[in-house]
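>>> heads up, no residue letters with this:
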């Protein structure tokens, strides 16, 4: 089964609003990464947060990690139509060196 | 050059055909990956090459055969595929296979098996 589960599965917002996506995982991790995928294209790495970090920022992105709850969230502020994409969390931990396991993803639609 | 390239972009093949997917990176990365992605699903890891040696095979059927001729190239040889193998095949690379390395993805090859 997949390591990560994301919610919501789909999110539709207006341009300028904030979007929050959540990821939960089952086993201990060393780090968690977020990726974006535009329809039918390759994935683009957004941000990596290590297990000893609680929050990380990159531009309009803010990621939090709560290892006690085995969950992470991705916040996109002041969304734009170009943010429309699927967003995946990926965990990489335990003995699976080099193996990233992706969550089910959240499909974000930002309406202009 | 921070790009992973994949060819072809689209491939249609019959169940008796033999074809190959190609992936190339010139970032000096020593880990390369093949993923399979079905529509509206996350990528599923198939193979990992670490320093040009196969390090992870996620119990992939033998009709998929990976090859890493050198540190920049990764191939996926396809033979006797089934219609359910139709998917987007993604190649990725990272600096090393160790934990915490960002993966750079190619645009993928859209494979249709008739």
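Right, received. Where do you want to start? These numbers were taken from a predicted model, which means no experiment stands behind them. Numbers count the residues shown, from 1 in each chain, chains lettered A, B, ... in the order given.

>>> you'd agree residue A:54 is up against residue A:68?
No: Residue A:54 is beyond contact range of residue A:68, at 10.5 Å (criterion: C-beta atoms under 8 Å). (C-beta placed from N, C-alpha, C; glycine too.)

>>> higher neighbour count, those two?
residue A:54 (11 against 5; other C-beta atoms under 10 Å in any protein chain shown).

>>> quick one: that one and chain B, what's the gap?
Per C-beta to the nearest C-beta, to the nearest Å, residue A:54 is found 17 Å from chain B.

>>> OK, contacts around that residue?
Residues near residue A:54 by C-beta atoms under 8 Å, 6 or more residues apart in numbering or on different chains: A:64-66.

>>> and of the residues you listed, the nearest to chain B?
Taking C-beta to the nearest C-beta as the measure, chain B lies nearest residue A:65 of those, at 13.2 Å.

>>> give the contact list for that closest one.
Shown in contact with residue A:65 (C-beta under 8 Å, 6+ apart): A:32, A:49, A:51, A:53-55, A:71-72.

>>> out of those residues, which is most surrounded?
Greatest neighbour count in the contacts of residue A:65, by other C-beta under 10 Å, goes to residue A:32: 30 neighbours.

>>> that residue reaches residue A:22, doesn't it?
No: applying C-beta under 8 Å as the test, residue A:32 and residue A:22 come out as separate, 11.8 Å apart.

>>> show me whatever sits in contact with both of those two.
residue A:72.

>>> out of the contacts of residue A:54, which sit inside strands?
Applying DSSP state E to the contacts of residue A:54, the entries found in strands are A:64-66.

>>> measure the most centrally placed residue in chain B to chain A for me?
Centroid-nearest residue in chain B: residue B:34, 2.9 Å away (criterion: C-alpha atoms, centre = their mean). For residue B:34, the distance to chain A (C-beta to the nearest C-beta) stands at 13 Å.
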